[in-house]
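**Student:** I would like the atomic coordinates for the input below:
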Amino acid sequence: MKDAPSAMFVVDLPKEHIAVAEARRLGIPVVAIADTNSDPELIEYPIPGNDDAIRSIKLFSNLVADSFIEGAKEYQATLRTQTDKASDMEQEQKDAAPAQARGRGPKPAGKGAPAAVPEKKESSGPTVVKANKARKLVAAGLAEKIEIEAELEEGSKVETTEE
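**Tutor:** Below is the predicted model of the structure:
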């Protein structure tokens, strides 16, 4: 990482107590799921919830990821409104030139061929990937192995009946 993160999201406060203490010392705000076995006063933004259940972890993680993606889009839109059209076109040409040299970018339009549109960059920050339903979650923490297997089996039954 080049810089310190702007915020940190934690699922299990007691397990990640060292990371939370380090974030507090560095002044990094912490967003975390606060269960009954954790102290919510240690963090800036507690989310009351169960940090042991797979479904709960999946719900909160997806909501945080979706919020990040939405915020990144709004940030990019704000940046575009602050720049002028000429600098946008100049930047797109700079971005497309190295890709064309490697043979991966949009090809110049030939006779009768439609002009290729360069791809837009969504965000300059880290990429957040949202897992699809086909993947199984692997749980780590306080949940028992039997409970995890039961939830995975139940989830696979629900997934197959929905399709």
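**Student:** So for residue 7, what's the pLDDT?
**Tutor:** Per-residue confidence (pLDDT) for residue 7: 91.
**Student:** Shouldn't residue 9 be within a strand?
**Tutor:** Yes. Remark: residue 9 belongs to a strand, assigned using DSSP: H, G, I helix; E, B strand; the rest coil.
**Student:** in this structure, what secondary structure element scores lowest on mean pLDDT?
**Tutor:** When each helix and strand of the chain is scored by mean pLDDT, DSSP states H and E, helix 145-162 comes last, with a mean of 63.
**Student:** before we move on, what SS does the closest residue to residue 38 other than its chain neighbours have?
**Tutor:** Once flanking residues are discounted, residue 38 sits nearest to residue 13: 3.7 Å by Cβ to Cβ, 6 or more residues apart in numbering. Quick note: C-beta positions are derived from backbone N, CA and C, even for glycine. Look at residue 13: counting by three-state DSSP, its state is coil.
**Student:** In contact with residue 13, which residues?
**Tutor:** 20, 32-35, 38-39, 42-43, 51 (Cβ atoms under 8 Å, 6 or more residues apart in numbering).
**Student:** I'd like to know how many residues surround residue 30.
**Tutor:** Counted with other Cβ atoms under 10 Å, residues neighbouring residue 30 total 20.
**Student:** Surely it touches residue 6?
**Tutor:** No. Between residue 30 and residue 6 there is no contact under Cβ atoms under 8 Å: 11.4 Å.
**Student:** for the contacts of residue 13, which one is nearest residue 90?
**Tutor:** Residue 90 has its nearest neighbour among those in residue 32, at 42.7 Å by Cβ to Cβ.
**Student:** max-length helix in the chain?
**Tutor:** If you go by DSSP state H, the chain has its longest helix at helix 54-82.
**Student:** buried set for it?
**Tutor:** By 16 or more other Cβ atoms under 10 Å, the buried positions in helix 54-82 come out as 54, 57, 60-61, 64, 68-69, 72, 76.
**Student:** Now do the same for residue 47: helix, strand or coil?
**Tutor:** Strictly by three-state DSSP, residue 47 counts as strand.
**Student:** Quick check: phi and psi on the nearest residue to it once chain neighbours are set aside?
**Tutor:** Of all residues not flanking residue 47 in the chain, residue 33 sits nearest, at 5.1 Å (Cβ to Cβ, 6+ apart). The phi and psi values for residue 33, taken as degrees, to the nearest 10, are phi -80, psi 120.
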